[in-house]
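give me the fold of what follows.
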Amino acid sequence: MKLVSKREFLAGGSLGALGLGVGSALAAALKNPAEVAVVGRKPGTDALGRTLKAMQEASTQPPPNRLAKFTKLFLTPPGYPNAIATDPEGRGFWVAEQRHDGRKEAVWLLDFKGKLLDTIYQNTKDCTGMTIGDGCIWSACEGAAEFNHPDPPIDGVFQTDIKSGQQVSRRQIPFGPANDGGSSHGMAWENGKLWLAADRMGCLMKIDPNTWQVEYMFRETRLPQFATRVHGIEYDNGYIWQVGGLQKPGTYDYRGYTAGLVKYDIKTGQVVETITLPQGIVDMHDVAVHNGELYGVDAGEHPGWSIDIPQFQHKAFPPENSPTGGYVFRIDLV
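The predicted structure is shown next:
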């Protein structure tokens, strides 16, 4: 066998000598990679066979959307019920209230008919997201929405032991200032991992609750029908649901608002489906999953909407400003 020098190999002379059967096009490519001819590439495309038109169409193609109706189930105890999570033991729903007055915020355990089973008070200020995992309540808050809040406001993730009712920890959302990582409007539990919607960064973040290290993150939807507001989240067998909604331009109350849900594939962060609820008759702050069905809760405290609507008020409740304020409801796809 003839030995091939390094110079001959790099020049392409070795291709025939080694009996590799490589064509002249590849031999030329080794001399000048820019001259590679892509097999099957259509004229007018880039080196990878892409056209600008096809890329634009792919980026604007909306995910499939389904319509949904809802059924009111029951009112929570008086308050602003802003977050909901299914009890891991199957007893019902945990529902967390938000307050603006600085008083202790309750997390209620309600059975599936609304009967109060337990109440735990946590140290959050204006609780905006909550989930249940490892025997604890995990809640986040938006302390800046509290009357006369301190500077910085009381933000962060609070861990409260269910059995004792005692706070276990309070930690800030990563990648922010040490004393105020911002608020979170949604939290979910996935097999020992904590998901949260990091409002300051506009992303969904998966955290190891023991080490407090971020394992994965992707940005929240930019779909226009969710442009006004994104809120609570829930994990569902490899996907995450997130509450969203759109305020119709030129409207200023519940009648111009359309609530909905967006579904992400957690492996890619891509939106795979959206759900639209009826306009003007339902608001939604958080989402829970039980036996494959979706449930929602409405705090009745939508930012900017008037509270001077008599038909929305409930005895002993603070002022409500939406038709479903204070309710837990089931979401039925149609």
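
quick check: pLDDT value at residue 62.
pLDDT recorded at residue 62 is 89.

which stretches in the stretch 151-300 of the chain count as strands?
155-161, 167-171, 184-190, 193-198, 203-208, 213-219, 229-236, 239-247, 257-265, 271-276, 286-290, 293-297 (DSSP state E, counting those that start in this stretch).

looking at those strands, which is nearest to residue 86?
strand 286-290 (4.7 Å; Cβ to Cβ). Bear in mind the C-beta positions are built from the backbone N, C-alpha and C, glycine included.

compare the strands of the stretch 151-300 of the chain and give me the one nearest residue 308.
strand 257-265 (17.1 Å).

neighbouring strands - and their directions - for the closest one?
Sheet neighbours of strand 257-265, with direction, are listed as strand 239-247 (antiparallel), strand 271-276 (antiparallel) (DSSP bridges).

and the contacts of the shortest one?
Contact with strand 271-276 is made by 62-68, 221, 223, 225-226, 239, 258, 260-265, 294, 331, 333, as judged by Cβ atoms under 8 Å, 6 or more residues apart in numbering.

picking up where we left off before, and among the strands paired with strand 257-265, the most buried is which?
Comparing the strands paired with strand 257-265 by mean neighbour count (mean count of other Cβ atoms under 10 Å), strand 239-247 comes out on top with a mean of 22.

and the angle from it to strand 213-219?
Relative orientation of strand 239-247 and strand 213-219, computed by axes from the mean of the first three to the mean of the last three Cα atoms, to 10 degrees: 50 degrees.

what mean pLDDT does strand 239-247 have?
Mean predicted lDDT for strand 239-247 stands at 98.

how many other residues sit next to the nearest residue to residue 315 once chain neighbours are set aside?
Spatially, and ignoring its direct neighbours in sequence, residue 315 is nearest to residue 78 (7.9 Å; Cβ to Cβ, 6 or more residues apart in numbering). Neighbourhood size, residue 78 [other Cβ atoms under 10 Å]: 14.

dump the strands of the stretch 151-300 of the chain to TSV, plus distance to residue 327.
Formatted as TSV, the strands of the stretch 151-300 of the chain follow (distance: least, Cβ to Cβ, whole Å):
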stretch	distance to residue 327
strand 155-161	25
strand 167-171	29
strand 184-190	19
strand 193-198	22
strand 203-208	26
strand 213-219	31
strand 229-236	15
strand 239-247	15
strand 257-265	13
strand 271-276	18
strand 286-290	12
strand 293-297	7
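
closest one to residue 304 among these?
When those are compared for distance to residue 304 using Cβ to Cβ, the nearest one is strand 239-247, at 8.6 Å.

what does the closest one contact?
The contact list for strand 239-247, computed with Cβ under 8 Å, 6+ apart, reads 186, 188, 195, 197, 204, 220-221, 223-234, 256-266, 272, 283-287, 289, 294, 296.

worst mean pLDDT across the helices and strands of this structure, which element?
Using mean pLDDT, DSSP states H and E, the weakest-scoring helix or strand in the chain turns out to be helix 14-17, at a mean of 41.

now the buried members of the contacts of strand 271-276.
Buried members of these, counted by 16 or more other Cβ atoms under 10 Å: 68, 221, 223, 225-226, 258, 260-264, 294, 331.

phi and psi next, for residue 145.
For residue 145, the backbone dihedrals (degrees, to the nearest 10) come out as phi -90, psi 10.

got the contact list for it?
Counting by Cβ under 8 Å, 6+ apart, residue 145 touches 98, 100, 126.

distance check, it against residue 155.
According to Cβ to Cβ, to the nearest Å, residue 145 and residue 155 sit 10 Å apart.

now do residue 137
17 Å.
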